[in-house]
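Undergrad: what follows is a predicted protein model with its sequence.
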Amino acid sequence: TTTGLTYNGHAGSGVGNAALLSNLGGEDDNIAFTSQSGTVYYSFLVNVTDLATAKTGDYFFHVGSPGGTGWNAFSGRVFAKIVSGNVNFGISNTSTATYGTTNFSKNTTYLIVVKHSIVVGTTADPLSMWVIPSGMPATELAAGSAEVSNTTTNGTDAIDRKSTRLNSS
């Protein structure tokens, strides 16, 4: 869309445009970055504008490895669903989310921060996610308790791509 999201204190607030994301027949557009392992933090702004009062939800952002046109090793998937006209956010390394219980407002910009602990092997890769309605916490402690955590799903052994699910219409 032609207007970027705004969020008080965020360096990228109002800069550029925003992407309209959807899980309805869209495409997963990804971009590469230097491969990461260990504990990784990533963040982005989100504003859910869907008119629906209820939707079961799906992921709209993820990271993974390896990159390329046919990649499918997704991790750190961020989900949204609509419950009674409000938004609940979730996270998982698989296609089944663990959702938080806070009802967030639609048409409001939030800062999403994900802590992604990459554990090499078949062990679970813990995820924690904060949905921050205002302010820019300087540390994890300052962000407070995570909205939701998922400590039981296994992801990839490194990440080198981020992807958004773009609307096809």
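TA: Perfect, thanks for sending it. Numbers count the residues shown, from 1 in each chain.

Undergrad: quick one: the residue most central in space within the chain from residue 57, how far?
TA: The centroid of the chain falls nearest to residue 78 when counting by CA atoms, centre = their mean (3.4 Å). Shown here: residue 78 relative to residue 57, a distance of 11 Å by CB to CB, to the nearest Å. Glycine gets a C-beta too; all of them are placed from N, C-alpha and C.

Undergrad: residue 95 now?
TA: For residue 95, the distance to residue 57 (CB to CB) stands at 11 Å.

Undergrad: higher neighbour count, the two?
TA: Summary of the neighbour comparison: residue 95 and residue 57, criterion other CB atoms under 10 Å, with residue 57 having more neighbours (18 against 11).

Undergrad: for that one, give its distance to residue 133.
TA: The gap separating residue 57 from residue 133 is 20 Å, by CB to CB.

Undergrad: about what we covered before: ok, the residue nearest to the centre of the chain - contacts?
TA: Contacts for residue 78 were tallied using CB atoms under 8 Å, 6 or more residues apart in numbering; they are 59, 60, 61, 62, 89, 90, 91, 112, 114, 129.

Undergrad: again, only this time at 7 Å
TA: If you count contacts by CB atoms under 7 Å, 6 or more residues apart in numbering, residue 78 has them with 59, 60, 61, 62, 89, 91, 112, 114, 129.

Undergrad: just checking, which of the residues you listed belong to strands?
TA: Counted as lying in strands by DSSP state E, out of those, are 59, 60, 61, 62, 89, 91, 112, 114, 129.

Undergrad: and the helices in this protein, which stretches?
TA: Chain-ordered helices for the chain, with DSSP state H as the definition, fall at 140-143.

Undergrad: where does it dip in pLDDT?
TA: Along the chain, the parts satisfying pLDDT under 70 run over 21-26, 66-72, 166-169.

Undergrad: how many residues are close by residue 121?
TA: The number of residues packed around residue 121, counting by other CB under 10 Å, is 8.

Undergrad: now do the phi/psi pair for it.
TA: Dihedral pair for residue 121: phi 110, psi -160, per degrees, to the nearest 10.

Undergrad: nearest residue to residue 159 other than its sequence neighbours?
TA: If the residues on either side of it in the chain are set aside, residue 159 comes closest to residue 63, at 4.4 Å by CB to CB, 6 or more residues apart in numbering.

Undergrad: for the closest residue to residue 149 other than its chain neighbours, give me its contacts.
TA: For residue 149, the nearest residue in space outside its immediate sequence neighbours is residue 128; the separation is 4.5 Å by CB to CB, 6+ apart. By CB under 7 Å, 6+ apart, the residues touching residue 128 are 115, 146, 149.
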